[in-house]
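S.K.: Okay, predicted coordinates and the sequence, questions at the end:
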Amino acid sequence: MDSQTLSQTSRQIEALLDSGEKNPLVDFLRQESSHQIEAKGAVPSNYDIFAIRRNDQFGDEIFGPKRLHVGTYSEETLYGAAGSPVVRFRSVIQALKVRVERTASVSPEELEYGHQAALVWAEVGRLKEFIGTSSVVSEIVAELRTARFQFLGKDTPTAAMRAVGVALGLVTQANRFDTSLVDRLVEALEEGGIDSLAPDALRDSHG
Amino acid sequence: MANSFLDSSVLIGLVFRHAGERAACRTALSDDGATVSSRYVIFEVARGFLRSLIALHNYSFEFDSFADLHRAAHSGQQRFRPYSMHTWLGAFDDYFAVLEAEDGVSSEVLKLEELRAKLRVWIRRGWLRMHRDFSLLNEIDCRDDLAPPASRGDQRVDQRLPDEECGQPEACGLQEFIRSRKSDVESVAAGLETLPPSQKDKETVNRIEGLRHLLGKSPGEPFVGRQCYNCGDALICMEAPIGHTIATKNRRHFEPLARILSKPLAVAETARSTIQGVPPV
């Protein structure tokens, strides 16, 4: 194109398009394209959620509807309900805290204590899915996994279980996830004899 | 009542090592006295052991997976050698294997993220505990304004160490310390010189040279900062106050120094007490 025929504005637009670097014009065009594709291409889905009603005592011979329509939800609603990973993390920690507190209230001499402790540690193990959510969440999960590491194949003392409960309580009560929260969590775990530096013990066989 | 003065190896052992190592280090401490260390010892930890943890954390960003980082550390690269950095990765390899056996496979990317998370906590809390758990004296008048390690916007951890100011009289009090302890410094240099060749390793030879370098300086004349590092164990021994037992894991270097200076010494016997060519950590 002959640059002599272009206005000043046109030349600026052309320069922005040719620059190859991130700039507001390219961002704008990218967003517009995305909106157009969404509007014309993929139609948002709705989800009908049903609950199946059954009764173990009466089998299929139950009165009333067996299939209950819970509701119809848009993609957006379901996505919002699922929440961010941090919200999910808080929710999982809250549920875990309840389980830990229940376990800590059982006598360690009872079979139930060992059973519940095994379930607690299994749930701690599943927290690994949250590693990478944020640096603070990664640190919290890493510390809880270190606690799990220490009690693999051995009894979990009630002091340690209580300490895990206190540590989880700090997370559920925290308004902000910051490094001071992690430091307080580590100290709470240490109160119960849980050693943040436990993996270091494996170093001695690599010297 | 006996007080204990921690050298850098025991300070590291108490703050950065696992429970078993901490218990072993505590055997070198008196039960009823105070436990103190110094700003000089903290600077030594900051520019050595802690620096290696920070470096390992930051090197990890050059790799996409824990396995890649591990391979690089064992490839003989010079930068992974200080404080046996590869041994951390070996330990984490075992650690992740144990957890994977219970919780299922973790991706190499997540392992790398988890390694970084653990290192960050150890670095941050280690620094905090060195300052919180022990009284710190500063007879040498070393820098007491070291900033804590901090995470930058790009997630790397950094700690500004003013080591370019080491040896500058306006920023460093070592020269005055040397002047005030001149006879001790001379005794140590002369005493180390008389050690049999089997005990005079490279580090000891550098220490003798360093002490003589410092003794040869006129008041106010700058000296080579590196010489301060070379004299480390001798300076720590001299800085230990009367009435304090020096606690160390480094028998080889501290025994002759304590003998020359007639200072009590307690050696913590641990898996990593004085290994040839490797600083005890």
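M.R.: The structure has been received and is ready for your questions.

S.K.: gap between the two ends of stretch B:243-252?
M.R.: 22 Å (CA to CA, to the nearest Å).

S.K.: Residue 195: what's it in contact with?
M.R.: Went with chain A since none was named. A:146, A:150, B:18, B:19 (CB atoms under 8 Å, 6 or more residues apart in numbering or on different chains). No exception for glycine: its C-beta is placed from N, CA and C like everyone else's.

S.K.: ah, I was thinking of chain B
M.R.: Shown in contact with residue B:195 (CB under 8 Å, 6+ apart): B:204, B:256.

S.K.: Wait, a helix at it?
M.R.: No - counting by DSSP: H, G, I helix; E, B strand; the rest coil, residue B:195 is not found in a helix; it is coil.

S.K.: and residue 71, how many neighbours?
M.R.: Chain wasn't specified; assuming chain A. Per other CB atoms under 10 Å in any protein chain shown, the neighbour tally for residue A:71 reads 10.

S.K.: that answer is for a different chain, and I need it for chain B
M.R.: By other CB under 10 Å, neighbour count at residue B:71 equals 12.

S.K.: Next: residue B:164.
M.R.: There are 9 residues near residue B:164, going by other CB under 10 Å.

S.K.: Once you drop chain neighbours, what's closest to it?
M.R.: Counting by CB to CB, 6 or more residues apart in numbering or on different chains, residue B:164 lies nearest to residue B:225, which is 7.5 Å off, once chain neighbours are set aside.

S.K.: Taking the centroid of chain B, which residue is nearest it?
M.R.: Nearest residue to the geometric centre of chain B (CA atoms, centre = their mean): residue B:45, 3.3 Å.

S.K.: Next, the contact list for residue B:241, please.
M.R.: Counted by CB under 8 Å, 6+ apart, residue B:241 has contacts B:3, B:5, B:36, B:137, B:139.

S.K.: So which of those residues are in strands?
M.R.: B:3, B:5, B:36, B:137 (DSSP state E).

S.K.: which one of those sits closest to residue A:160?
M.R.: residue B:36 (31.7 Å; CB to CB).

S.K.: hmm, back to that, assess the claim that the residue nearest to the centre of chain B and residue B:8 are in contact.
M.R.: Yes - the pair residue B:45 / residue B:8 is scored as a contact, 5.1 Å apart, by CB atoms under 8 Å.

S.K.: Render the CA-only coordinates of the helix with the most length in chain A in PDB, please.
M.R.: Looking across chain A with DSSP state H, the single longest helix is helix A:85-104. Taking C-alpha atoms only, helix A:85-104 is exported to PDB below (Å, rounded to 0.1, in the frame of the first residue of the first chain):
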ATOM      1  CA  PRO A  85      -9.400 -23.000  43.300                       C
ATOM      2  CA  VAL A  86      -8.700 -20.900  46.400                       C
ATOM      3  CA  VAL A  87     -12.400 -21.000  47.400                       C
ATOM      4  CA  ARG A  88     -12.500 -24.700  46.800                       C
ATOM      5  CA  PHE A  89      -9.300 -25.100  48.800                       C
ATOM      6  CA  ARG A  90     -10.800 -23.200  51.700                       C
ATOM      7  CA  SER A  91     -13.900 -25.400  51.500                       C
ATOM      8  CA  VAL A  92     -11.800 -28.600  51.400                       C
ATOM      9  CA  ILE A  93      -9.700 -27.400  54.400                       C
ATOM     10  CA  GLN A  94     -12.800 -26.600  56.300                       C
ATOM     11  CA  ALA A  95     -14.200 -30.200  55.800                       C
ATOM     12  CA  LEU A  96     -10.800 -31.700  56.600                       C
ATOM     13  CA  LYS A  97     -10.700 -29.600  59.800                       C
ATOM     14  CA  VAL A  98     -14.000 -31.000  61.000                       C
ATOM     15  CA  ARG A  99     -12.800 -34.600  60.300                       C
ATOM     16  CA  VAL A 100      -9.500 -33.900  62.200                       C
ATOM     17  CA  GLU A 101     -11.300 -32.500  65.200                       C
ATOM     18  CA  ARG A 102     -13.600 -35.400  65.300                       C
ATOM     19  CA  THR A 103     -10.700 -37.800  65.100                       C
ATOM     20  CA  ALA A 104      -8.700 -35.900  67.800                       C
END
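
S.K.: Buried residues of that helix, list them for me.
M.R.: For helix A:85-104, the neighbour count (16 or more other CB atoms under 10 Å in any protein chain shown) marks A:89, A:90, A:93, A:96, A:97, A:99, A:100, A:101, A:103, A:104 as buried.

S.K.: which helices and strands sit right next to it?
M.R.: Packed against helix A:85-104 by the contact rule (3 or more CB pairs under 8 Å, 6 or more residues apart in numbering or on different chains; DSSP states H and E) you find helix A:111-126, helix A:135-150, helix A:158-173.

S.K.: Any chance of TSV for those helices, columns mean neighbour count and distance to chain B?
M.R.: Putting the helices and strands packed on helix A:85-104 into TSV (neighbours: other CB atoms under 10 Å in any protein chain shown; distance: least, CB to the nearest CB, whole Å) gives the following:
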stretch	mean neighbour count	distance to chain B
helix A:111-126	16	3
helix A:135-150	23	4
helix A:158-173	20	13
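
S.K.: Adding mean pLDDT and distance to residue B:76 as columns, could you present those in a markdown table?
M.R.: Output for the helices and strands packed on helix A:85-104, formatted as a markdown table (pLDDT from 0 to 100; distance: least, CB to CB, whole Å):
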| stretch | mean pLDDT | distance to residue B:76 |
| --- | --- | --- |
| helix A:111-126 | 96 | 35 |
| helix A:135-150 | 97 | 29 |
| helix A:158-173 | 97 | 41 |
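
S.K.: Contacts only, for residue B:121.
M.R.: A:139, A:142, A:143, A:182, A:183, A:186, A:196.

S.K.: In which helix or strand does it reside?
M.R.: helix B:108-132 (DSSP states H and E).

S.K.: go on, residue A:68?
M.R.: strand A:67-74.

S.K.: what stretches of chain A score poorly on pLDDT?
M.R.: A:1-6, A:20, A:30-44, A:58-62, A:76, A:79-83, A:206-207 (pLDDT under 70).

S.K.: Which segments of it make up each domain?
M.R.: A:46-82, A:85-198 (automatic domain parsing).

S.K.: distance between the longest one and the chain's centre?
M.R.: What that stands for is domain A:85-198. 14 Å (CA atoms, centre = their mean, to the nearest Å).

S.K.: End to end on that domain, go ahead and measure it.
M.R.: End to end - CA to CA - domain A:85-198 spans 28 Å.

S.K.: Please tell me how far residue B:205 sits from residue B:178.
M.R.: As judged by CB to CB, to the nearest Å, residue B:205 and residue B:178 stand 19 Å apart.

S.K.: next one: residue A:186
M.R.: To residue B:178, residue A:186 is 40 Å away according to CB to CB.

S.K.: Surely residue B:28 and residue B:246 touch.
M.R.: No - using CB under 8 Å, residue B:28 is not in contact with residue B:246, being 9.0 Å away.

S.K.: Residue A:178: neighbouring residues, count only.
M.R.: Around residue A:178 there are 11 residues (other CB under 10 Å).

S.K.: Strands along chain B, start to end?
M.R.: Secondary structure of chain B (DSSP E): strands at B:3-6, B:35-38, B:135-137, B:150-151, B:157-158, B:244-248, B:265-267.

S.K.: Skip the chain neighbours and tell me the closest residue to residue B:95.
M.R.: Closest to residue B:95 by CB to CB, 6+ apart is residue A:199, at 4.3 Å.
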